[in-house]
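Colleague: 3D, please:
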Amino acid sequence: TANAVKNTFGFTDNDNVGKFAFAATQAAPSFVSSFPRVLPCKSRNVRCLIPCAVDQDPFFVLTRSIAERIKRPKPSLLLTKFMPALKGAQHKMSSSAEENGTVLLCDDEAAVRRKLKRAFSGGRGTLEELQREGADLDADVAYQLLVFLCPDDALVDGIARDYRSGAISSGAVKDAAATAVWGILSDFRERRAAVTDADVEHFASLRSIW
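Modeller: A predicted model of the protein is given here:
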């Protein structure tokens, strides 16, 4: 209801009606009946698992609250963490806020390394302070990107230990992060280049995946 949306999001009667409608738009894909041609199953009891960031949670709190009333199973959520923007961990990396520092899928290796060199550092103001006090890993964006993207846990643990103790520099951590980021982007670019027009047509076609 409009009142439920207002209470959840803090809307008022002066807000655009589209804001109220968007809650229903977000909720609809939570139910298998929204996809009769893609998921043509007779049962309405197929559950939906929704991976999303925590800022999307209110939409599905509303969805879960009405699911039983419309005789549908409640969707489940898999909440993910925000990847920090290069400007600092208080910002999320987003293409809609590139001013906060964003690595794009179309960036080449030189651009990735240039951007990572400007990433917010937890490595203190001077090398002497870093060696004396160690790095602040929670504030260091390059280290946080390593945690997200580096597949080698032993490597990440070693960098964390050495960086926290001040044994390695911020520059070394940024280089390692750039290598991890580019490893993912280069693999993506290779696989994307292999996609044909026929692949796109098949992917976008209306067909049963049940």
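
Colleague: all helices of the chain, in order?
Modeller: For the chain, helices defined by DSSP state H occupy the ranges 2-9, 17-27, 57-67, 109-117, 127-133, 141-149, 153-165, 170-193, 197-204.

Colleague: so the helix or strand of the chain with the lowest mean pLDDT versus helix 141-149, what angle?
Modeller: One helix or strand of the chain scores below all others by mean pLDDT, DSSP states H and E: strand 88-92, with a mean of 84. Between strand 88-92 and helix 141-149, the angle comes out at 60 degrees (axes from the mean of the first three to the mean of the last three CA atoms, to 10 degrees).

Colleague: can I get the helices of the chain in JSON lines with mean pLDDT and distance to Ala85?
Modeller: Using the backbone N, CA and C atoms, a C-beta is placed for each residue, glycine as well. Compiled in JSON lines, these are given as follows (pLDDT from 0 to 100; distance: least, CB to CB, whole Å):
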{"stretch": "helix 2-9", "mean pLDDT": "89", "distance to Ala85": "24"}
{"stretch": "helix 17-27", "mean pLDDT": "90", "distance to Ala85": "24"}
{"stretch": "helix 57-67", "mean pLDDT": "92", "distance to Ala85": "21"}
{"stretch": "helix 109-117", "mean pLDDT": "95", "distance to Ala85": "11"}
{"stretch": "helix 127-133", "mean pLDDT": "86", "distance to Ala85": "23"}
{"stretch": "helix 141-149", "mean pLDDT": "95", "distance to Ala85": "8"}
{"stretch": "helix 153-165", "mean pLDDT": "95", "distance to Ala85": "20"}
{"stretch": "helix 170-193", "mean pLDDT": "95", "distance to Ala85": "13"}
{"stretch": "helix 197-204", "mean pLDDT": "94", "distance to Ala85": "30"}
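
Colleague: kindly reformat these as a markdown table containing mean neighbour count and distance to Ser76.
Modeller: Formatted as a markdown table, those follow (neighbours: other CB atoms under 10 Å; distance: least, CB to CB, whole Å):
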| stretch | mean neighbour count | distance to Ser76 |
| --- | --- | --- |
| helix 2-9 | 14 | 19 |
| helix 17-27 | 14 | 14 |
| helix 57-67 | 17 | 9 |
| helix 109-117 | 16 | 35 |
| helix 127-133 | 13 | 43 |
| helix 141-149 | 23 | 23 |
| helix 153-165 | 15 | 27 |
| helix 170-193 | 17 | 27 |
| helix 197-204 | 9 | 26 |
